[in-house]
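Asker: need a structure here:
(chains A and B)
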Amino acid sequence: GDSVTQMEGPVTLSEEAFLTINCTYTATGYPSLFWYVQYPGEGLQLLLKATKADDKGSNKGFEATYRKETTSFHLEKGSVQVSDSAVYFCALIPRGGADGLTFGKGTHLIIQP
Amino acid sequence: KAGVTQTPRYLIKTRGQQVTLSCSPISGHRSVSWYQQTPGQGLQFLFEYFSETQRNKGNFPGRFSGRQFSNSRSEMNVSTLELGDSALYLCASSLGGTANTEAFFGQGTRLTVV
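Answerer: Residues are numbered from 1 along each chain as shown, chains lettered A, B, ... in the order given. This next block holds a predicted model:
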């Protein structure tokens, strides 16, 4: 079946550091790819998405590019802030949506001032 | 506009009992999906309802069931609770289904089985 693999962390960075969270996937066909963020005590919020190869999703300074050749969707941000501390989930959904969203295990990001 | 509302936020039940969780989607959204989140297994898809019909189902035993009403509100039921059912249960609503439109998540219901 489909699967998503991401580094689990915790990942600890200093404020203004460069962030990369790796995400690779296994899926049949051409899924849509997502990054979700979960702040403490809250549900998931969609951060960005890409629906086809070479698409770049971006939001709030975060970016990720859909790389079909490497089956990857790495999340990057040039300069992180303390408020970015959260758990980040990479996810996919196949064309047609059967089986819902498949999530990675989540990466706990801690940004220190 | 109001977000996705899940009730109750916290629940403690005893092994063998049953439980019903509720989800009110964003107004106008016709699709509701349910997910289970545990430290060990992460987030796993339970099922999706669209216009009162179950459209997709994950790999969970028959003890887990759901339904959707004509106003799009959804309930999830777990019968004969086991300790391993302790989890955060998240509901997501979307306009036309998760495959095609953005999913908005509620804050979840934290179920503890003792």
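
Asker: Contacts only, for the residue most central in space within chain B.
Answerer: Closest to where the C-alpha atoms of chain B average out (C-alpha atoms, centre = their mean) is residue B:34, at 3.2 Å. Residue B:34 is in contact with B:23, B:45-48, B:66, B:74, B:76, B:89-92, counting by C-beta atoms under 8 Å, 6 or more residues apart in numbering or on different chains. For glycine as for every other residue, the C-beta is placed from the backbone atoms N, C-alpha and C.

Asker: Just the element for it, please.
Answerer: In this assignment (DSSP states H and E), residue B:34 forms part of strand B:31-38.

Asker: Tell me the residues of chain B that contact chain A?
Answerer: Taking C-beta under 8 Å from any C-beta of the partner chain as the contact definition, chain B meets chain A at B:4, B:33, B:35, B:42-48, B:55-56, B:58, B:90, B:92, B:97-100, B:102-108.

Asker: same thing but at 7 Å, please
Answerer: Selection of chain B residues close to chain A by C-beta under 7 Å from any C-beta of the partner chain yields B:33, B:42-43, B:45, B:48, B:56, B:58, B:90, B:97-99, B:102, B:105-108.

Asker: Name only those of these that count as buried.
Answerer: Applying 16 or more other C-beta atoms under 10 Å in any protein chain shown to these, the neighbour count classes B:33, B:42-43, B:45, B:48, B:56, B:58, B:90, B:97-99, B:105-108 as buried.

Asker: Among these, which one lies nearest to residue A:106?
Answerer: Of all those, residue A:106 sits closest to residue B:42, with 6.5 Å by C-beta to C-beta.

Asker: Check the closest one and give its pLDDT.
Answerer: Residue B:42 carries a pLDDT value of 91.

Asker: Dig out what it forms beta bridges with.
Answerer: Per DSSP bridges, residues listed as beta-bridge partners of residue B:42: residue B:38.

Asker: OK, contacts around the residue nearest to residue A:70 when sequence neighbours are not counted?
Answerer: Sequence neighbours aside, residue A:24 is the residue nearest to residue A:70 in space, at 7.4 Å (criterion: C-beta to C-beta, 6 or more residues apart in numbering or on different chains). For residue A:24, the contact set (C-beta atoms under 7 Å, 6 or more residues apart in numbering or on different chains) comprises A:5, A:71-72.

Asker: how far is the strand holding residue B:34 from where the chain is centred?
Answerer: 4 Å (C-alpha atoms, centre = their mean, to the nearest Å).

Asker: Please apply the same query to stretch A:21-28.
Answerer: Relative to its chain's centre, stretch A:21-28 lies at 10 Å (C-alpha atoms, centre = their mean).

Asker: Now that stretch: buried residues?
Answerer: Buried residues in stretch A:21-28, counted by 16+ other C-beta under 10 Å: A:21, A:23-25, A:27.

Asker: packing partners for the helix or strand containing residue B:93?
Answerer: Here residue B:93, judged by DSSP H and E, is contained in strand B:87-94. Under the contact criterion of 3 or more C-beta pairs under 7 Å, 6 or more residues apart in numbering or on different chains; DSSP states H and E, strand B:87-94 touches strand B:31-38, strand B:104-105, strand B:109-113.
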